[in-house]
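**Q** Pasting the sequence and the predicted model now:
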Amino acid sequence: MNARKTFRAIMAGKRLVLMPGAYDALSARIMEAEGFEAICAGGYAAIGSMLAQPDMGQSNMRDYADHYGRIAAAVAVPVYVDADTGFGGVNNVRQMVRAFEAAGVAGIFISDQVFPNRCGYLPGKQVVPTEQILAKIKAALDARQDPDFFIAGRTDAAAVEGPHAAIVRCQLFMAAGADLAKPMGFDTVDEIKRAMREIPGPHMATLSQAAGNKKRSLEELEAAGVVAATFPSIALFAAANAVRNVLRILKRENSLTATFDHLLPLEDYYDLVGLKQMLAREETYDQAAAALMQKRAAE
């Protein structure tokens with residue numbers, strides 16, 4: 001089963017699948033190595049890792065396509081990604097879908113914010129009229145070439161117009177043909193249960209560090225019927241904390257030795273990046289080339 005079919009099977013399932021957020025190819029490889037069945041990659045982590053800035057919509061479609069393509073190429077598990085606002089009108093959405101499909105991701109979600117999109121947990125959000133996001137969802141569905149490519153609509157209307165408006169938009173997203181409709185800001189278990197009662201299709205919960213220290217039990221989410229939970233910024237925050245801590249040790253102790261217990265062992269790193277396989281591949285091609293030269297010399 002390919003990654004897109006696998007992702008569709010996850011979203012049609014009955015158990016909670018945990019999807020940590022990758023900020024680059026190496027973090028994605030670690031997630032896969034630790035046994036996660038699928039991962040996500042969002043704008044918050046992308047902007048943080050690429051630009052060292054908060055997510056205020058300051059990147060572009062091509063940068064994202066390249067970034068997501070590197071992540072998807074590093075793993076065999078499905079990668080579900082943030083498509084921002086679609087990066088423009090319906091023709092931009094069409095280009096985005098084709099580029100993200102070519103990048104190898106399993107699916108996308110499109111936001112109904114005005115451009116430039118910002119993190120859904122930051123203040124100052126505005127949403128476009130409902131008919132504009134519906135047109136973008138229709139354009140995305142028409143543009144996809146692989147029918148297994150998963151397309152979701154996400155609304156930030158709850159923070160702007162209230163929860164009911166967000167639910168109505170999600171209902172319309174599903175009526176337009178979206179594979180999933182997500183109301184951002186529905187974070188408590190009671191809010192999630194309401195969304196699941198009133199919005200058709202599967203539900204994906206978001207557990208982001210950007211939301212603050214909200215306490216949600218994964219057991220409660222699974223019992224409610226949530227099929228996936230994303231942790232879009234967990235690796236970014238973990239990596240930033242680990243790098244900061246080891247550099248503080250280096251500066252304080254003025255010793256590389258003092259950092260050893262805080263570093264990934266060299267062999268573990270080489271296992272992650274596939275050094276043995278690359279060396280074996282080089283040897284195979286070198287031997288094949290040498291054999292061809294010997295054969296030609298003997299003729």
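**A** That came in fine, so what should we check first?
**Q** Next one: V90 from A139, what distance?
**A** 4 Å (Cβ to Cβ, to the nearest Å). Bear in mind the C-beta positions are built from the backbone N, C-alpha and C, glycine included.
**Q** Compare these two (neighbour count), which wins?
**A** Using other Cβ atoms under 10 Å as the criterion, V90 and A139 rank with A139 on top: 20 against 16.
**Q** So what does that one have for phi and psi?
**A** phi -60, psi -40 (degrees, to the nearest 10).
**Q** Help me confirm that I199 comes into contact with Q171.
**A** Yes: if you go by Cβ atoms under 8 Å, I199 and Q171 touch, sitting 6.0 Å apart.
**Q** The two: who's more crowded?
**A** I199 (22 against 15).
**Q** pLDDT weak spots in the stretch 1-150 of the chain?
**A** Residues of the stretch 1-150 of the chain meeting the criterion pLDDT under 70: 118-122.
**Q** biggest helix in the chain by residues?
**A** In the chain, ranked by residue count with DSSP state H as the criterion, the top helix is helix 275-298.
**Q** and A211, what pLDDT?
**A** For A211, the pLDDT comes out at 57.
**Q** The residue lying closest to A74 once chain neighbours are set aside: neighbour count?
**A** Of all residues not flanking A74 in the chain, A25 sits nearest, at 3.8 Å (Cβ to Cβ, 6 or more residues apart in numbering). Applying other Cβ under 10 Å, we find 18 residues neighbouring A25.
**Q** got the contact list for the residue lying closest to A240 once chain neighbours are set aside?
**A** Spatial nearest neighbour of A240, chain neighbours left out: G48 (7.9 Å); criterion: Cβ to Cβ, 6+ apart. G48 sits next to Y23, P54, D55, S233, L236, A240 when contact means Cβ atoms under 8 Å, 6 or more residues apart in numbering.
**Q** And for H67?
**A** H67 makes contacts with D24, A41, A46, M50, as judged by Cβ under 8 Å, 6+ apart.
**Q** just to revisit the earlier point, isn't the residue nearest to A74 up against G69?
**A** No: A25 lies out of contact with G69 (Cβ under 8 Å); the separation is 9.4 Å.
**Q** most neighbours, which of the contacts of G48?
**A** Y23 (27 neighbours).
**Q** host element of it?
**A** Assigned by DSSP states H and E, Y23 falls within no helix or strand.
**Q** Strands along the stretch 151-299 of the chain, start to end?
**A** 180-183, 204-206, 228-231 (DSSP state E, counting those that start in this stretch).
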